[in-house]
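> Provided below for reference: sequence and predicted model.
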Amino acid sequence: MSLLVLWDIDHTLVDTRGVGRDLWAEAFEEVTGQPMREQAKIDGSTEPVILRETLQLHGLRDSREVFERFAQALGAVHVRRAAELRERGHALPGAPSLLAALAAHDEVTQTVMTGNIRAAAEVKLSAFGLDRYIDLSIGAFGEDADERPQLVSTALQRAQMSAERAVLVGDTSFDVEGGRSCGVRVIGVATGRTSADDLRTAGATEVVEDLADTERMLKLLMR
């Protein structure tokens with residue numbers, strides 16, 4: 001392995017088109033016994049932080065035990081409703097072709113750096129046929145850390161790869177900052193709620209509007 005590609009998932013590779021929030025609300029009510037009236041900001045955040053802040057919005061206390069029960073419930077509801085996710089959501093333009101093209105190169109390994117818990121990440125990737133290209137055993141997930149820099153560091157350690165031989169692809173300024181803080185080159189993709197200009201301002205090495213141009217993306221990733 002001479003290149004490690006770290007993928008964010010939501011709004012970088014896939015769009016759940018509202019299903020993700022529905023599943024989150026179901027798990028929240030199962031664990032707390034209360035309907036979810038509102039959800040904390042999710043863009044670029046991790047599941048532990050989203051849960052902590054959402055609990056606060058409902059006047060509830062957070063703990064590691066609550067998070068662990070929530071993670072179990074969230075993973076289970078993703079499995080139960082995977083068909084709905086597949087029907088309503090979609091892989092973003094170019095993602096399947098690009099992951100397949102990268103997988104054809106023996107020197108490239110692809111994994112994820114995501115705020116999702118692992119079980120949810122697995123379902124989201126498999127729903128759209130992307131899991132075959134990703135080595136989840138070296139990925140970093142919401143269970144691993146609250147903040148993006150720690151997730152990036154965790155993935156590098158698990159892959160036994162130096163930052164100089166890694167590249168991160170994400171759609172938020174938090175992805176950019178997480179990668180850059182660890183010395184990882186970052187390609188920002190403006191398929192989420194963060195504009196191309198804001199991704200550049202955050203320090204992305206390169207910024208693209210989407211992943212649709214496979215040839216261009218291969219050149220950027222494997223330079």
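Yes, it's here. Keep in mind that what you see is a predicted model, and the values were worked out from it rather than measured. Numbers count the residues shown, from 1 in each chain.
> Do I have it right that M161 meets S2?
No: with contacts counted by C-beta atoms under 8 Å, M161 stays clear of S2, the gap being 9.0 Å. All C-beta spots, glycine's among them, are computed from the backbone N, C-alpha and C.
> So if I had to pick from the two, which one is more boxed in?
Using other C-beta atoms under 10 Å as the criterion, M161 and S2 rank with M161 on top: 20 against 11.
> Next, that one: phi, psi?
Dihedral angles of M161 (phi, psi; degrees, to the nearest 10) stand at phi -120, psi 140.
> cool, and E143?
Main-chain dihedrals, E143, degrees, to the nearest 10: phi -70, psi -20.
> And the pLDDT at H105?
Listed pLDDT for H105 reads 96.
> Let me fix that, I meant to ask about M1.
Per the predicted model, pLDDT is 57 at M1.
> residue boundaries of the strands in this protein?
Remark: strands assigned in the chain by DSSP state E are 3-7, 14-15, 90-91, 108-112, 166-170, 185-189, 206-208.
> Pick the most buried one from those.
Highest mean neighbour count of those: strand 166-170, a mean of 27 (counted as mean count of other C-beta atoms under 10 Å).
> Can you list the strands that it pairs with?
Note on strand 166-170: by DSSP bridges, its sheet partners are strand 3-7 (parallel), strand 185-189 (parallel).
> need the helices for the protein, in chain order.
Per DSSP state H, the chain carries helices over the ranges 19-32, 47-57, 64-80, 82-88, 95-103, 118-127, 148-159, 173-181, 196-202, 214-221.
> tell me the mean pLDDT over the third one?
When the per-residue pLDDT values of helix 64-80 are averaged, the result is 97.
> Which positions within it qualify as buried?
V66, F67, F70, A71, A73, L74, G75, V77, H78 (16 or more other C-beta atoms under 10 Å).
> quick one: the residue nearest to L57 when sequence neighbours are not counted and A159, what's the gap?
Nearest non-adjacent residue to L57, counting by C-beta to C-beta, 6 or more residues apart in numbering: E38, 5.6 Å away. Separation of E38 from A159 (C-beta to C-beta, to the nearest Å): 37 Å.
> Please say which of those two ends up with more neighbours.
Legend: neighbour count by other C-beta under 10 Å for E38 and A159, higher for A159 (20 against 7).
> ok so, going back, turn the strands of the chain into CSV, columns for distance to T32.
Below are those laid out as CSV (distance: least, C-beta to C-beta, whole Å):
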stretch, distance to T32
strand 3-7, 31
strand 14-15, 27
strand 90-91, 31
strand 108-112, 28
strand 166-170, 30
strand 185-189, 34
strand 206-208, 39
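> Out of these, the one nearest S45 is which?
With C-beta to C-beta as the measure, strand 166-170 is the member of the strands of the chain nearest S45 (12.6 Å).
> So which residues make contact with the closest one?
Residues from elsewhere that reach strand 166-170, judged by C-beta atoms under 8 Å, 6 or more residues apart in numbering: 3-8, 12, 113, 152, 156, 159, 175-176, 178-179, 184-189, 221.
> Run the angle between it and helix 95-103 for me.
180 degrees (axes from the mean of the first three to the mean of the last three C-alpha atoms, to 10 degrees).
> Show me the shaky parts of this structure.
Low-confidence segments of the chain (pLDDT under 70): 1.
> Domain boundaries for it, per the record?
3-15+90-221, 19-86 (automatic domain parsing).
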